[in-house]
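> I need the structure of the sequence given here:
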Amino acid sequence: MASGSDANLHDTNNLQPQPFKYFLVLDFEATCENGRTIVPQEIIEFPVLKINAVTLQTESVFHQYVQPKVHQQLTPFCTELTGIIQDMVDGQPYIEEVLEKFHTWLVENDLLNPENKFIFVTCGDWDLKTMLTSQLRYFGINRAPYFNKWINIKKPFSHHTNEYPKGMMPMLKKLDLTHEGRHHSGIDDCKNIGRILTELLRRGVVFKPTGKL
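A predicted model of the protein is given here:
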């Protein structure tokens, strides 16, 4: 039997007008090692879901694995954590090309039209404040302005529940949502963050930016 929240996936009676037409749920995975920070740390999975703020439907998906330039060989720890094996990144485009592909996806989805206002949604500030920023700086890549604002979903969740979560799993549990897929798979994490987002929308939460550069 579906949980209480999952059973009411189509209940939109409490939806409030939002300042955005679309939410872009983003969750990077990156090169990593157990017990130490890899320098530079590089994005190896770049997934984004386009969620309509009114229908709550996922209308489009951008998903691309990324080949690291410096530490090209993934560590066993990284593969164990993310499920990403070497063959999934070998021969894939580097971050510059992936950013170009993502920009093209935005254009194809008419998201750069000022009438289709969107904002990124992440689980924490790491993805856009730390990870993308440090990698772009290391390789001297210009940052597109649309990456400069985001919603850390932990903050509206905390405001709604009066509990600040440590991560995605406690939020799912608190909202009576079952976890689906593999934790630390970027695309699966996006889908679960998206479910948290849409559940909060159904409960009448109004989302505003929580982070900016």
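> any idea how far the longest helix anywhere in the chain is from the chain center?
Longest among the helix segments of the chain by residue count, using DSSP state H, is helix 186-202. In terms of Cα atoms, centre = their mean, to the nearest Å, the gap separating the centre of helix 186-202 from the centre of its chain is 9 Å.
> residues in contact with A30?
41-44, 131 (Cβ atoms under 8 Å, 6 or more residues apart in numbering). C-betas here are computed from N, CA, C, even on glycine.
> could you redo the last one with a cut-off of 6 Å?
Taking Cβ atoms under 6 Å, 6 or more residues apart in numbering, we find A30 in contact with 41, 43-44, 131.
> Turn those into JSON lines, columns for distance to T55, secondary structure and pLDDT.
Output for the contacts of A30, formatted as JSON lines (distance: Cβ to Cβ, whole Å; DSSP: H, G, I helix; E, B strand; the rest coil; pLDDT from 0 to 100):
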{"residue": "Q41", "distance to T55": "36", "secondary structure": "coil", "pLDDT": "97"}
{"residue": "I43", "distance to T55": "30", "secondary structure": "strand", "pLDDT": "98"}
{"residue": "I44", "distance to T55": "32", "secondary structure": "strand", "pLDDT": "98"}
{"residue": "M131", "distance to T55": "30", "secondary structure": "helix", "pLDDT": "98"}
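> Determine which two of those residues are furthest apart.
I44 and M131 (10.8 Å; Cβ to Cβ).
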